[in-house]
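In: Have a look; sequence and predicted model below, questions after that.
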Amino acid sequence: MLDKLGSSLKDALKKLAGKTVVDRAAVEELVKDLQRALLQSDVNVKLVMGLSNAIKKRSLEEELPKGVNVREHVLRIVYQELVNLMGDGGEVKLGAQTILMAGLQGSGKTTTTAKLARYFQRKGLRVGVICADTFRPGAYEQISTLCSKINIPCFGDPKEKDALKLVRDGLPSMSGLEVVIIDTQGRHALENDLIQEIIDINTISKATHRWLVIDAALGQQASEQARRFHEAIAIDGVIITKMDGTAKGGGALSAGLTLTASFPGSSAWGI
């Protein structure tokens, strides 16, 4: 999905690396190439302008470090600004934690929950999953089947319609486990009852992390989704799913970028 964006960014940097003289004109040309690559991939305009302005300002105003030429200096600035935009806390921490999974229906939240459980299990941690999705038919059957295949305990009750009760009852059953992942229910839109329910689940579970799962094909609506969920439960990570599709993906990527740029300590991942 992001192959074209990656190739375009590489081409822009290669063009700079091939120049014999790196002056103001070369920097401005690089910035325009970067802007074009990002905008064509549907990345939010404000984020693109902020990134390009920072690169241009630093490239033209910062003093050259000793032993570094202008070309190397500008390339390093581009790398640093891209890293800053994505956030510097993107490593998944190992250790005891409770993770609350949030997102709209169809984002791939349940499948991602199972993948995360498998990831922590492979790292040697004891993992359990709580199914708090009482809205989507077959939600418990799906996550319990996925968990059983990898020998992960899964708590849930397809007959129970109170998600808060499921979390209250499920947490004691996970005693002795190091990582507990709570799969919450989604909706087709950011409905008020969905937001209130996830606020209550976050309060009950005292979640260590709150991760938002976003479909790569969502587009520019992803930024608004990230903002609403963050205001509700302080999202500290965005997972972008279905990255093997044909969507441009810049819109969903913008959600992670918006979050990490606006709220230090947040992170973005793609799977």
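Out: Nice, I can see it. Numbers count the residues shown, from 1 in each chain.
In: Could you pull up the residues touching the nearest residue to Ala54 once chain neighbours are set aside?
Out: For Ala54, ignoring the flanking residues on the chain, the nearest one in space by C-beta to C-beta, 6 or more residues apart in numbering is Glu81 at 5.2 Å. Heads up, the C-betas are built off the backbone N, CA and C, glycines and all. By C-beta atoms under 8 Å, 6 or more residues apart in numbering, the contact list for Glu81 reads 51, 54-55, 58.
In: my guess is Glu28 meets Lys56, correct?
Out: Yes - in this structure, Glu28 is within contact of Lys56 by C-beta atoms under 8 Å, at 7.0 Å.
In: Who has more neighbours out of the two?
Out: Lys56 (19 against 14; other C-beta atoms under 10 Å).
In: gap between the more buried one and Thr241?
Out: 34 Å (C-beta to C-beta, to the nearest Å).
In: Might you calculate how far the helix or strand containing Glu224 sits from the centre of the chain?
Out: Glu224 is part of helix 221-233, with elements assigned from DSSP states H and E. Centre-to-centre, helix 221-233 and its host chain are 12 Å apart (C-alpha atoms, centre = their mean, to the nearest Å).
In: so where's the stretch 51-200 of the chain uncertain?
Out: 85-91, 188-189 (pLDDT under 70).
In: now the strands for it?
Out: Ranges of strands in the stretch 51-200 of the chain, per DSSP state E, counting those that start in this stretch, are 97-102, 127-132, 154-155, 179-184.
In: of the contacts of Glu81, closest to Glu191?
Out: Using C-beta to C-beta, Leu51 comes nearest to Glu191 of those, at 33.4 Å.
In: The closest one and Leu82 touch, don't they?
Out: Yes - assessed by C-beta under 8 Å, Leu51 is found in contact with Leu82 at 7.4 Å.
In: More neighbours: which of those two?
Out: Using other C-beta under 10 Å as the criterion, Leu51 and Leu82 rank with Leu51 on top: 22 against 13.
In: what's the spacing between the more buried one and Gln121?
Out: In this view, Leu51 and Gln121 are 37 Å apart by C-beta to C-beta.
In: Isn't Val127 up against Glu178?
Out: Yes - Val127 is in contact with Glu178 according to C-beta under 8 Å; the separation is 7.1 Å.
In: where exactly do the helices run in this protein?
Out: 3-17, 24-40, 45-61, 70-86, 109-122, 139-149, 163-173, 192-205, 221-233, 250-262 (DSSP state H).
In: Deepest in the core, which of the ones you listed is it.
Out: helix 250-262 (a mean of 25; mean count of other C-beta atoms under 10 Å).
In: hang on, the earlier thing: quick check: which of the helices of the chain is nearest to Ala132?
Out: The closest of these to Ala132 is helix 163-173. By C-beta to C-beta, the value is 4.4 Å.
In: about what we covered before: for the strands of the stretch 51-200 of the chain, which one sits closest to Arg24?
Out: Among these, the nearest to Arg24 by C-beta to C-beta is strand 97-102 (45.1 Å).
In: tell me the angle that closest one makes with helix 109-122.
Out: Going by axes from the mean of the first three to the mean of the last three C-alpha atoms, to 10 degrees, strand 97-102 is angled at 160 degrees with respect to helix 109-122.
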